[in-house]
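>>> Provide a 3D model corresponding to the input given below.
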Amino acid sequence: MLWSGWGDPAKASPLPEPTTGLLRDLLGVRPADAPPVALADIKVAGPRLSGADLTALAGIVGDGNVRADTEARVRHTRGKSTPDLLRIRAGDTSDAPDAVVLPGSHDEVLAVLRTCAGRGIAVVPFGGGTSVVGGLAPRAVDKFIALDLRRMDRLVELDEVSRTAVLQPGLRAPAAEALLNERGFTLGHFPQSYEWATIGGFAAARSSGQASAGYGRFDDMVAGLTAATPEGTLDLGRAPKSAAGPDLRQLVLGSEGAFGVITSVRVRIHPVPEAREYEGWRFASFDRGAAALRRLAQDGPLPAVLRLSDEAETMVGLADPAAIGTPRGAGCLAVLGFEGTPARVAARRAEAADVLRDAGGEPLGAGPGEKWEHGRFHAPYLRDALLDVGAFVETLETAGFWSDVPALYEAVRNALIGTLAGAGTPPLVMCHISHVYEAGASLYFTVVSAQGEDPAGHWDRAKRAASDAIAGAGGTISHHHGVGTDHRDWYAREIGPLGAAVIRAVKDRLDPAGILNPGVLVPPAAGE
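As a prediction, this is how the structure comes out:
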């Protein structure tokens, strides 16, 4: 992955002039004062690990799998939020790990964790490096390693009878999908981070893919998992469902490397669909479109993909990243995707069309849906291009019950606009519903503004205001980005003092030395 941005540099392209002009005229965006620092010019402080530390780690994983060179450390510095990128583009490597360690097995992970616990070395599990909530930047540590799981990248087992597969954590999503496709199956998990994110990262962050309406979230897909902790191994999931006490799989899912390192995942898989078809619908307003999506989510038929852009996102064309900046007609664009046999797809499309027309929708044909499907992984590349011309762009997301969604939408939108406009960087705030359930839906906001003199500081204030608005309006602090360090304080408010104490107790039992991703997820006790 590009060290100072997203993805494959060969897939990146500059913004077209109409888009640059729109940003200039609408938001006052001006070119950045200086280009990003070149990788060859990046400096990092000397590793804080001792020679004995490095020797001990090399004795577990092999000399070639402990790396302390500048490039390896820079490429494992922080994640891919916009503040992360701004800092690395400016040459700030203050959060660089002291070394990168690449284990090749569960037993090697266990040994590394025990060694690090004994030597006071913090450990940050690293998959695709796509965290956008501070999940890869530990707090208050003297020395730490990035535990890169890329060598653990196999399809271990495929059970065609049970339709499950055991995957290792370092397997990137496209590789996992290719291995399953060879056997006639799909995982059905396609988040925006799909090109670079890993199986272990999906589990650790409770990822949600763009086809979640049809396949479920990643935590819905997990039938079993194995995790290494400094205190030993957790091997969880003996059957698809169980009444044998609380489901400890759910304790590890979403734990973001703070309780242990996921070393294998048993997931539910599905036959590759014979047909996939996408289409677009227009609604007069976001409220009317949301009401239509709710009808499909509650009464069916439920497509595999179901999403709705608000008026601002539809106008700008963000649902079609290849045409960003090209003004569209009024209203709100909904995108639907259907999968299955050709006959089933045709029947469900016809049934959904009756519901959508009755709810006030106007069919737009296959074009908008196919354009979205073609460009759905392009948005992170677009962010890099926006940063290059002096724009600031960032996202945040939440979820709530259907009855709370309208107020939640307005509260977050108003908090973002009010805070950034007050700082002299009036934003364009866009939103879409990206995941639906019978009881509610997620809201995914995209914010674009001029960078200004202190873009990271402006965003920090806006993000805090938005997080307060989410809490006040009854939403969850994260639907699929996770907690990290950014959301930790609001997560503590969401689960309450007793819930926070339970999380700390689990952390203390599984990681008594406190080496696993310090500062991430786990709310501190009073006075800490």
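
>>> mind checking which helix or strand of the protein has the lowest mean pLDDT?
helix 17-27 (a mean of 86; mean pLDDT, DSSP states H and E).

>>> so where's the stretch 251-400 of the chain uncertain?
Residue ranges of the stretch 251-400 of the chain with pLDDT under 70: 318-329.

>>> immediately after the least confident helix or strand of the chain, which helix or strand?
The helix or strand immediately downstream of helix 17-27 is helix 51-61, counting by DSSP states H and E.

>>> Report the rounded mean pLDDT for the helix or strand that that following helix is followed by.
As assigned by DSSP H and E, the chain's next helix or strand after helix 51-61 is strand 66-67. Average pLDDT, strand 66-67: 98.

>>> ok, and what's touching strand 66-67?
If you take C-beta atoms under 8 Å, 6 or more residues apart in numbering as the criterion, strand 66-67 is touched by 54, 57, 58, 73, 99, 100, 101, 102. C-beta: built from backbone N, CA, C; applies to glycine.

>>> hang on, the fourth one packs against residue 95?
Read that as residue 73. No. The pair residue 73 / residue 95 is not scored as a contact, 10.1 Å apart, by C-beta atoms under 8 Å.

>>> Now do the same contact list for residue 157.
165, 166.

>>> Pull out the buried positions in the helix or strand containing it.
Following DSSP H and E, one finds residue 157 within strand 155-159. Within strand 155-159, the residues that qualify as buried are 155, 158, counting by 16 or more other C-beta atoms under 10 Å.

>>> tell me what the helix or strand following that strand is packed against?
Next in sequence after strand 155-159, counting helices and strands by DSSP H and E, comes strand 164-167. If contacts are counted by 3 or more C-beta pairs under 8 Å, 6 or more residues apart in numbering; DSSP states H and E, strand 164-167 sits against strand 155-159, strand 261-268.

>>> number of nearby residues for residue 513?
When neighbours are defined as other C-beta atoms under 10 Å, residue 513 has 17 of them.

>>> Kindly report the same for residue 233.
Neighbours of residue 233 (other C-beta under 10 Å): 15.

>>> Centre of the chain to the longest helix seen in the chain, how far?
Of all the elements of type helix in the chain, the one with the most residues (DSSP state H) is helix 488-510. In terms of C-alpha atoms, centre = their mean, to the nearest Å, the centre of helix 488-510 is found 22 Å from the chain centre.

>>> Kindly report the same for stretch 290-305.
24 Å.

>>> need the contact list for the closest residue to residue 98 other than its chain neighbours.
Using C-beta to C-beta, 6 or more residues apart in numbering and skipping the chain neighbours, the partner closest in space to residue 98 is residue 47 (4.2 Å). If you count contacts by C-beta under 8 Å, 6+ apart, residue 47 has them with 54, 68, 73, 98, 99, 143.

>>> Which of these has the largest number of neighbours?
Of these, with other C-beta under 10 Å as the count, residue 99 tops at 25 neighbours.

>>> List phi and psi for that one.
Torsion angles at residue 99 (phi, psi; degrees, to the nearest 10) stand at phi -160, psi 160.

>>> Distance check, it against residue 75.
Distance of residue 99 to residue 75, given as C-beta to C-beta, to the nearest Å: 13 Å.

>>> which phi and psi does residue 339 have?
Torsion angles, degrees, to the nearest 10, at residue 339: phi -140, psi 150.

>>> Quick one: neighbours of it, just the number.
Neighbour tally, residue 339, other C-beta under 10 Å: 23.

>>> Now for the nearest residue to it once chain neighbours are set aside, how many residues are close by?
Excluding its sequence neighbours, the residue lying closest to residue 339 (C-beta to C-beta, 6+ apart) is residue 273, at 4.0 Å. Close neighbours of residue 273, defined as other C-beta under 10 Å, add up to 18.

>>> What residues does residue 273 make contact with?
186, 339, 340, 341.

>>> what about it, which SS state?
Following DSSP: H, G, I helix; E, B strand; the rest coil, residue 273 is assigned to coil.
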